[in-house]
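K.L.:
Whatever this is, show me its structure:
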Amino acid sequence: MLASRAHDEPTAHKALAWLCEAYWQPLVNHARARGMNAHDAQDVVQDFFARLLEKRDLAADAQRGRFRSYLIGALNHFLANHWDKEHAIKRGGGRERVPLSEAEHAAVGSTDTERAFARAWAVTVLERVLQQLEREYHEPKRALVFATLKSALTATGSAVSHAEAGARLGMSEGAVKVAIHRLRSRYRDLLYQEIAETVADPADIQAELQDLMEALRG
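P.N.:
Numbering: from 1, shown residues only. Below is the predicted model of the structure:
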């Protein structure tokens, strides 16, 4: 995220690609929860990211707090302006700009959709971490270990027994326990790194992790 403040185009575009991948679906879901259809939601989020890069908004504002909070606030503002313009066209044929009513603006920042965004963000983060971990286990023997033990990474996963996993992998139960410990440890490290990419102050990492857990429970 911090790299997106760079002024050279290759670095900036690489950072934007990361942002789009990490936050694309949560933000599209957020826009759809505001009443947009899938196509319009995708278009408006694409325009939103393009504006962030063009205006260098991240350089000015993102350091003030957690990036996720900044991002959802910025998108809500972007959506409000977008709908103001849409309403102006519908009401005045494009001749005058009629602002949204207070009730319409309130809907843009409703608590329910904020919670939905937080959950979508949390799920996306965990999916990205799991995908990164799977890539690290790409070698055939390690890939089998990952496929067999990955359910141990999630609270809802129906993990196989140590004995069953050992039989599949040709490992003792003790070795399976060690493998699970290593897998969980690396998963935690990658999750920490993923969150660290989205905060300006390392002191916010733990709070973001707590928010992530709360969003999943919500």
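
K.L.:
which residues of the protein fall in strands?
P.N.:
Ranges of strands within the chain: none, based on DSSP state E.

K.L.:
Okay, domains of it per the record?
P.N.:
1-109, 110-218 (automatic domain parsing).

K.L.:
Export those domains as a markdown table, with columns for mean neighbour count and mean pLDDT.
P.N.:
Every residue, glycine included, has its C-beta placed from N, CA and C. Below are the domains of the chain laid out as a markdown table (neighbours: other CB atoms under 10 Å; pLDDT from 0 to 100):
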| stretch | mean neighbour count | mean pLDDT |
| --- | --- | --- |
| domain 1-109 | 16 | 69 |
| domain 110-218 | 15 | 88 |
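
K.L.:
For R217, list the residues it contacts.
P.N.:
Contacts for R217 (CB atoms under 8 Å, 6 or more residues apart in numbering) come out as none.

K.L.:
where's it relative to V123, distance?
P.N.:
Here the criterion is CB to CB, to the nearest Å. By it, R217 lies 12 Å from V123.

K.L.:
Likewise for A152?
P.N.:
In terms of CB to CB, A152 sits 19 Å off from V123.

K.L.:
How about A200?
P.N.:
Distance of A200 to V123, given as CB to CB: 24 Å.

K.L.:
Could you do K141 as well?
P.N.:
Applying CB to CB, the value for K141 to V123 is 30 Å.

K.L.:
can you check A50 too?
P.N.:
From A50 to V123 the distance is 25 Å (CB to CB).

K.L.:
L191 now?
P.N.:
From L191 over to V123 (counting by CB to CB), the distance is 13 Å.
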